[in-house]
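*Asks:* Sequence and computational prediction follow.
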Amino acid sequence: MTVLSVNVNKIAVLRNSRGGSEPDVVRAARACLDAGAHGITVHPRPDARHIRDYDVYALAELAHARGVEFNIEGNPFAPPRVGYPGLLELCRRARPAQATLVPDGDDQLTSDHGFDFERDDAALRPRIAELRELGCRVSVFADADRDGIERAAELGAQRVELYTGPFAEAFAAGDASVALAEFAAAARRAQAVGLGVNAGHDLSQANLGAFLRAVPNVLEVSIGHALIGEALYEGLDATVRGYLAVMAASR
Ligand SMILES: CC(=O)[C@@H](O)[C@H](O)COP(=O)(O)O
Ligand SMILES: NCC(=O)COP(=O)(O)O
């Protein structure tokens, strides 16, 4: 079964645009959970452009109280700075059920690629080990079109999150068949060495069904940008239920 983790970064974008505390990130997360979402994801960035450290702690408290998965995404190599203690320190303090490592820089508008597991091997290993010692399940962001996804297992990761941006682009352009075959093959290669497969980036109500029907045994999708945008029209409750309906129909 695939679970839905709602990424609430974009609620914080809106809040930060004016300062103050509205819209309230925790209230929005609660509304998503009330609608049936299985978990909450955040991807705090060192420049604090959206989710801040205090959001992470407040959302962790909510997730722990509700007994749902909290997933923190981020670059494990980004150094701490004021307002951003670093991904590992955030995980030490917030104890998320899952930490998803993503190799992105501050100069990126958003995440746009996965790890090169061969190049990043020595750097990733100790961070994955430390996160696992903290009790986090560790997932690593991966490209479907790059060789070597299997190495994530050797590094100690339990899951990979397939970067679905290229699939979403192909879907929007009208033909995702080649991309879907590539993603399905990558998922199978990861699963063959015992890795669980998550997926995320630019998934939407429009493209999610096609993805889940083609790619086997996706354990979790984390969705933010499209979902929060759609919720402006339909409301969070109806939008989350809409995603869950797509997921149920794609089983
Ligand atoms: C790893 C990933 O694909 C998402 O976490 C995405 O990067 C969301 O981050 P932004 O909301 O900052 O674009
Ligand atoms: N890991 C992907 C995620 O959390 C949300 O990505 P997006 O839906 O905001 O593109």
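*Replies:* All right, it came through fine. Ligands and ions are numbered 1, 2, ... in the order given.
*Asks:* Contacts only, for the closest residue to Arg125 other than its chain neighbours.
*Replies:* Spatial nearest neighbour of Arg125, chain neighbours left out: Leu155 (5.4 Å); criterion: Cβ to Cβ, 6 or more residues apart in numbering. All C-beta spots, glycine's among them, are computed from the backbone N, C-alpha and C. For Leu155, the contacting residues are 117, 121, 124-125, 128, 140, by Cβ atoms under 8 Å, 6 or more residues apart in numbering.
*Asks:* ok, now Val26?
*Replies:* Applying Cβ under 8 Å, 6+ apart, the residues contacting Val26 are 55, 58-59, 62.
*Asks:* cutoff 7 Å now
*Replies:* Contact analysis of Val26 by Cβ atoms under 7 Å, 6 or more residues apart in numbering lists 58-59, 62.
*Asks:* what helix or strand does it sit in?
*Replies:* If you go by DSSP states H and E, Val26 is part of helix 25-34.
*Asks:* buried sites along that helix?
*Replies:* 25-26, 28-33 (16 or more other Cβ atoms under 10 Å).
*Asks:* Bridging across strands, which residues link to the residue nearest the centre of the chain?
*Replies:* For the chain, the residue sitting closest to the mean C-alpha position, by Cα atoms, centre = their mean, is Ser222 at 4.4 Å. Beta bridges link Ser222 to Ser5, Gly200, judged by DSSP bridges.
*Asks:* re the thing from before, restrict the buried residues of helix 25-34 to contacts with ligand 1.
*Replies:* With the criterion set as Cβ under 6 Å from any ligand atom, no member of the buried residues of helix 25-34 is near ligand 1.
*Asks:* Tell me which residues touch the residue nearest to Arg188 when sequence neighbours are not counted, please.
*Replies:* Using Cβ to Cβ, 6+ apart and skipping residues adjacent in sequence, the residue nearest Arg188 is Pro216, 6.6 Å away. Residues in contact with Pro216 (Cβ under 7 Å, 6+ apart) are 184, 187-188.
*Asks:* Show me just the buried residues among those residues.
*Replies:* In these, burial by neighbour count holds for 184, 187, counting by 16+ other Cβ under 10 Å.
*Asks:* which of the contacts of Pro216 come close to ligand 2?
*Replies:* Okay, of the contacts of Pro216, nothing touches ligand 2 (Cβ under 6 Å from any ligand atom).
*Asks:* how about JSON lines for the contacts of Pro216, with pLDDT added?
*Replies:* Formatted as JSON lines, the contacts of Pro216 follow (pLDDT from 0 to 100):
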{"residue": "Ala184", "pLDDT": "98"}
{"residue": "Ala187", "pLDDT": "98"}
{"residue": "Arg188", "pLDDT": "98"}
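*Asks:* Since that was my last question, I'll sign off now.
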